[in-house]
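Novice: Provided below for reference: sequence and predicted model.
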Amino acid sequence: MIDIALLRSEPDLVRRNIEKKFQHQKLPLVDEALALDEKRRALQTEGDSLRAARNALSKQIGMLMREKKTEEAEAVKAQVNADAARLSQIEAESEEVGARLKAVMMRIPNIISDETPVGKDDSENVERERFLEPKVPDFEVPYHLDILERLQGIDLDSARRTSGQGFYYLTGDVARLHSAVLAYARDFMIGKGFTYCIPPFMIRSDVVSGVMSFEEMEGMMYKIEGEDLYLIGTSEHSMIGRFMNTAIDEKQLPLTLTSYSPCFRKEKGAHGIEERGIYRIHQFEKQEMIVICKPEESEMWYDRMWHYTVELFVSMGIPVRTLECCSGDLADLKYRSVDVEAWSPRQKKYFEVGSCSNLTDAQARRLGIRYKGEKGSSFAHTLNNTVVAPPRMLIAFLENHLNADGSVDIPEVLRPYMGGAEKILPRR
């Protein structure tokens, strides 16, 4: 949510920002918000005037009563009562206008960075850097489900019976590899000075509306029937919600946290064959990183965070590249975002395995996250980034470390988490 002061002073900037995001249907929200803000301020002014008049009239009543001017005192009392009725009406109307204004403001997208390329959708994201040379082996790389089945590492049929499409059982060495990657990512981030957390996996609606736009909420979140609870789509949701309506001591910033959680997503829509299997699923696990910092530090942390993800993948021998997300691919709360994509030897192209985002103070304004220091309090900046999400990352891992005989090499950094094993061998 943007600052109302910015909307008042630079409405054209807000309009241009909406146009850059190709959300022309939201342009009327600017005038609607300005009108509601003006009405709210007018009501505030009238209410302040009535409160000041009430205090003056109350003193006048006392003076008239002492002078035994009863009739005049009663007339003033009648005026006080009339003003009180109007004040009560103003307060109710102000609350209603304020709620409408907040609802409109929450639909206006955050101002995007000057570094963000203008484009309609993810097809117009801009490649920034590549890390490690992508390679294609001299043998045909099978579809990732075929690799998993030859390793006896997945059971989709049973998952369809128990849970439906979009779920899976991981078994044996593959399940162990999945856990090894998460454990390595956890220790990697702890080594970078981040504090490890395991958050709640369900959050209330006021947290959901604080961490994401209404469009994202509808497309992603599973609601618990009969309760004001939602399953998280990423641990960022509950990790940022942890600081809702708090004022953090400036000396504690930055807060650098890394969190593990299962994640639950609707993942609506049809997808191609390469996005089936374990690529686009309803349940997965992820290691996340979260930073809450002062505004002047957020761009530095943005660059540092996505570099950590790149470093992690490179340490496991997986080539990656980074893409600067264009304006039309940014969710409404994001100021700037970069996707990390891993190389697929099978597809001979890169695919997304993580995303790093700077949301400036958009989430903090919605959730009331401030920091306080000698100069008073201000809204903090929030950032989030995927360290690793193993189900999707496993595809890149298996394809990049697959041998012609069907075995899969285990990179040195993961061997301590795999009982020292150097390979996973096919079982059929």
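Specialist: Arrived safely. Numbers count the residues shown, from 1 in each chain.
Novice: rest of the way, CA atoms for contacts and neighbours
Specialist: OK.
Novice: what's the next secondary structure element after the strand or helix carrying V97?
Specialist: Per DSSP states H and E: V97 is located in helix 70-105. Following helix 70-105 in sequence order, the next helix or strand is strand 126-131 (DSSP H and E).
Novice: give the other helices and strands that that following strand contacts.
Specialist: On a contact count with 3 or more Cα pairs under 8 Å, 6 or more residues apart in numbering; DSSP states H and E, strand 126-131 meets strand 320-324.
Novice: point out where the stretch 51-200 of the chain drops to low pLDDT.
Specialist: Along the stretch 51-200 of the chain, the parts satisfying pLDDT under 70 run over 55, 58-62, 64, 67, 74, 76.
Novice: hmm, 90 instead?
Specialist: For the stretch 51-200 of the chain, applying pLDDT under 90 flags the ranges 51-91, 164-166.
Novice: find me the pLDDT at G272, would you?
Specialist: Looking at G272, its pLDDT stands at 48.
Novice: how far does the helix holding V97 sit from its chain's centre?
Specialist: 40 Å (Cα atoms, centre = their mean, to the nearest Å).
Novice: I'd like to know how far V141 sits from R366.
Specialist: According to Cα to Cα, to the nearest Å, V141 stands 47 Å off from R366.
Novice: buried stuff in the lengthiest helix in the chain?
Specialist: In the chain, taking DSSP state H as the definition, the longest helix is helix 28-66. Using 16 or more other Cα atoms under 10 Å as the test for burial, helix 28-66 gives 29-30, 33-34, 36-37, 39-40, 43, 47, 50-51, 54, 57, 60-61, 64.
Novice: swap in stretch 108-122?
Specialist: Neighbour-count burial for stretch 108-122 [16+ other Cα under 10 Å]: I108, P109, N110, I111, I112, T116, P117, V118, G119, K120.
Novice: now those as CSV including distance to E288?
Specialist: Converted to CSV, these look like this (distance: Cα to Cα, whole Å):
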residue, distance to E288
I108, 27
P109, 24
N110, 23
I111, 24
I112, 23
T116, 23
P117, 26
V118, 28
G119, 27
K120, 28
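Novice: just want the angle from the longest helix of the chain to helix 70-105.
Specialist: Relative orientation of helix 28-66 versus helix 70-105 (axes from the mean of the first three to the mean of the last three Cα atoms, to 10 degrees): 160 degrees.
Novice: what is helix 28-66 packed up against?
Specialist: In terms of contacts (3+ Cα pairs under 8 Å, 6+ apart), helix 28-66 is packed against helix 4-9, helix 11-20, helix 70-105.
Novice: from the chain's centre, how far out does it sit?
Specialist: What separates the centre of helix 28-66 from the centre of its chain is 39 Å, taken as Cα atoms, centre = their mean.
Novice: how close does the residue nearest to E91 when sequence neighbours are not counted sit to G328?
Specialist: Distances taken as Cα to Cα, 6 or more residues apart in numbering place G47 nearest to E91, at 7.6 Å, with adjacent residues excluded. Separation of G47 from G328 (Cα to Cα): 42 Å.
Novice: and the strands in the stretch 101-250 of the chain?
Specialist: Remark: strands assigned in the stretch 101-250 of the chain by DSSP state E, counting those that start in this stretch are 126-131, 154-155, 169-170, 195-197, 202-203, 222-223, 230-231, 246-249.
Novice: can you name the next helix or strand after the last one?
Specialist: Just to be clear, that refers to strand 246-249. Scanning onward from strand 246-249 (DSSP H and E), the first element met is strand 255-264.
Novice: against which helices or strands is the following helix or strand past that next one packed?
Specialist: Per DSSP H and E, the first helix or strand lying C-terminal to strand 255-264 is strand 283-293. Secondary-structure packing of strand 283-293 (3+ Cα pairs under 8 Å, 6+ apart): helix 172-191, helix 235-241, strand 255-264, strand 381-388, helix 390-401.
Novice: now strand 283-293 against strand 255-264, angle please.
Specialist: Going by the same axes, to 10 degrees, strand 283-293 makes 160 degrees with strand 255-264.
Novice: alpha carbons only: can I get strand 283-293 in CSV?
Specialist: Taking Å, rounded to 0.1, in the frame of the first residue of the first chain, the C-alpha atoms of strand 283-293 are listed here in CSV:
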residue,chain,number,x,y,z
GLN,A,283,2.1,-29.0,-1.7
PHE,A,284,5.8,-28.6,-1.4
GLU,A,285,8.5,-27.6,1.1
LYS,A,286,10.8,-24.6,0.9
GLN,A,287,13.6,-22.8,2.7
GLU,A,288,13.0,-19.0,2.6
MET,A,289,14.9,-15.9,3.6
ILE,A,290,13.3,-12.8,5.0
VAL,A,291,14.8,-9.4,5.8
ILE,A,292,13.2,-6.4,7.6
CYS,A,293,15.4,-3.3,7.4
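Novice: which residues are contacting that strand?
Specialist: 166-167, 182, 185-186, 189, 234-236, 239-240, 253-265, 301, 305, 380-391 (Cα atoms under 8 Å, 6 or more residues apart in numbering).
Novice: tell me how far F22 lies from D361.
Specialist: From F22 across to D361, the span is 22 Å (Cα to Cα).
Novice: before we move on, what about E422?
Specialist: 46 Å.
Novice: strand partners (parallel or antiparallel) of the helix or strand hosting Y371?
Specialist: Assigned by DSSP H and E, Y371 falls within strand 369-373. Paired with strand 369-373 in the same sheet, following DSSP bridges, are strand 246-249 (parallel), strand 376-379 (antiparallel).
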